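Student: no sequence for this one, just the structure:
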């Protein structure tokens, strides 16, 4: 699973009229009112606050730039120095196998393609070299995602990492993450990554259960995973973290607790605990639909698994860096994921990679051959550009706060001059009654149930605020 592939979604509610303090929404006869944003009351909030989970993160808003105007708009942006936090994302599209649950599989891997891809990616790194948007201002985190970056050959991993260091203005303490899987990631590749400057590894273990791993298309056994983790740790030169997923078919609470215990026993620097999302178009979705696999865990089961992870890791004194990410040592910072979910600039390279320059979101050509052709012709392979929402920085501050599990309304009002507290009062009062939030000196704090439903709450809250802003929410 890629930790960095953002799917944008905007739940649009057509509304022509909104009244503050009654907050009734007229929606072209659809009857949408404030209650649309409410959670259930009088039920267990952890498992039954909503009908289901929203599986993707809130959208970024703004409007699409006409294809004919994309290159001209980019030219203007490239002459503007970056300000504030900045990260870079390198997309590696290859995978040796298609894991059943993954909706991001792009391209099978071959040894012959490794060098060609690396050559092209290095050319892309050079396309904006010398332009203010790339050269001015430090880059605080680089993330090699995919796909499976560790599928590349050792020599290509090393030269790609060195090229990033040569062509991007990395901060002295820049976090450089290589994402991947432990199968086919042996000492030669590990040492190549370290020689290239990688200082963090994010590894998709997902489950330590060999049965679940093999069923989902993961090739390494539990024993091989443990050996490889121990080897990578033995170099003592980088943070080592793993992704775990709860909710797989055949993954009982006992198996999930064992997954967490195994990760803790491995002495890693941190871990992510993600909920499984089953998409219809994935092999897993089809297998479940056709009766070839049992269903994945339902919402009550998943909510119990989420609570079990929080309880276990808190008792073991892991630090919570976000609602899904935990750190055991001071080496783990999780900078890329924390910054990219806020308003950080993101320089993006590789087929299908998404970037952001001051709220202008762009997407590289996702066709691998088309990406190659454009780069080799000396053109940045941007296929889509979206202009910023007028309140981009406000909404990204809200999204980043929700990822942390709390939102300081007085601070948001001070920064953006918007009357958040008054506007959100009816909504937050209802969520409080429903057991999803608590108010502490005008700071909204998510309860355990609110943390489980965070993506729902973040989407609903941002939709609500968009309509409120349209009606003139100012201090």
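Tutor: Arrived safely. Not measured: the values here are computed from a predicted model. Numbers count the residues shown, from 1 in each chain.

Student: what's around residue 413, how many residues?
Tutor: 16 (other C-beta atoms under 10 Å). From N, CA and C alone the C-beta is placed, and that goes for glycine too.

Student: Kindly provide the distance from it to residue 165.
Tutor: 41 Å (C-beta to C-beta, to the nearest Å).

Student: From the recorded domain assignment, give the ranges for the chain.
Tutor: With domains defined by automatic domain parsing, the chain comprises 25-54+392-470, 68-340.

Student: For residue 366, which of those domains is the nearest?
Tutor: When the domains of the chain are compared by C-beta to C-beta, domain 68-340 sits nearest residue 366, at 7.7 Å.

Student: how far out from the middle of the chain is that closest one?
Tutor: Offset of domain 68-340 from its chain centre (C-alpha atoms, centre = their mean, to the nearest Å): 10 Å.

Student: start to end distance for it?
Tutor: 28 Å (C-alpha to C-alpha, to the nearest Å).

Student: And the contacts of stretch 433-447?
Tutor: 38-41, 45, 49, 323, 402, 405-410, 421, 424, 428, 431-432, 449-450, 453-454, 457 (C-beta atoms under 8 Å, 6 or more residues apart in numbering).

Student: can I get the domains of the chain in CSV with mean pLDDT?
Tutor: Formatted as CSV, the domains of the chain follow (pLDDT from 0 to 100):
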stretch, mean pLDDT
domain 25-54+392-470, 89
domain 68-340, 94
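
Student: Can you lay out these as a markdown table showing distance to residue 374?
Tutor: Shown next, in a markdown table, are the domains of the chain (distance: least, C-beta to C-beta, whole Å):
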| stretch | distance to residue 374 |
| --- | --- |
| domain 25-54+392-470 | 27 |
| domain 68-340 | 9 |
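
Student: These: which one's closest to residue 367?
Tutor: domain 68-340 (9.7 Å).

Student: related to what we said a few turns ago, what's the closest of the domains of the chain to residue 383?
Tutor: Here domain 68-340 is closest among the domains of the chain (C-beta to C-beta), at 8.1 Å.

Student: ok, back up a step: from the contacts of stretch 433-447, which land in helices?
Tutor: Judged by DSSP state H, the subset of the contacts of stretch 433-447 located in helices is 45, 402, 409-410, 421, 424, 428, 431-432, 449-450, 454, 457.

Student: of all those, which two lie farthest apart?
Tutor: It's 45 and 410 that sit farthest apart of the ones in helices among the contacts of stretch 433-447, by C-beta to C-beta, at 25.9 Å.

Student: So between these two, which is more surrounded?
Tutor: residue 45 (24 against 12).

Student: Quick check: that one touching residue 300?
Tutor: No - contact between residue 45 and residue 300 fails when scored by C-beta atoms under 8 Å: they sit 11.8 Å apart.

Student: Which of the ones in helices among the contacts of stretch 433-447 has the largest number of neighbours?
Tutor: residue 431 (29 neighbours).

Student: mind listing what's buried in stretch 126-137?
Tutor: 127-128, 131, 133-134, 137 (16 or more other C-beta atoms under 10 Å).

Student: okay, these in JSON lines with secondary structure and distance to residue 344 next?
Tutor: Shown next, in JSON lines, are those (DSSP: H, G, I helix; E, B strand; the rest coil; distance: C-beta to C-beta, whole Å):
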{"residue": "127", "secondary structure": "helix", "distance to residue 344": "21"}
{"residue": "128", "secondary structure": "coil", "distance to residue 344": "17"}
{"residue": "131", "secondary structure": "coil", "distance to residue 344": "18"}
{"residue": "133", "secondary structure": "helix", "distance to residue 344": "14"}
{"residue": "134", "secondary structure": "helix", "distance to residue 344": "15"}
{"residue": "137", "secondary structure": "coil", "distance to residue 344": "11"}
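
Student: which of those lies closest to residue 73?
Tutor: Taking the buried residues of stretch 126-137 together and measuring to residue 73 by C-beta to C-beta, the closest member is residue 133, at 12.1 Å.

Student: Okay, the closest residue to that closest one other than its chain neighbours and residue 358: tell me how far apart.
Tutor: Excluding the flanking residues, the one nearest residue 133 by C-beta to C-beta, 6 or more residues apart in numbering is residue 78, at 4.6 Å. Counting by C-beta to C-beta, the separation of residue 78 from residue 358 is 11 Å.
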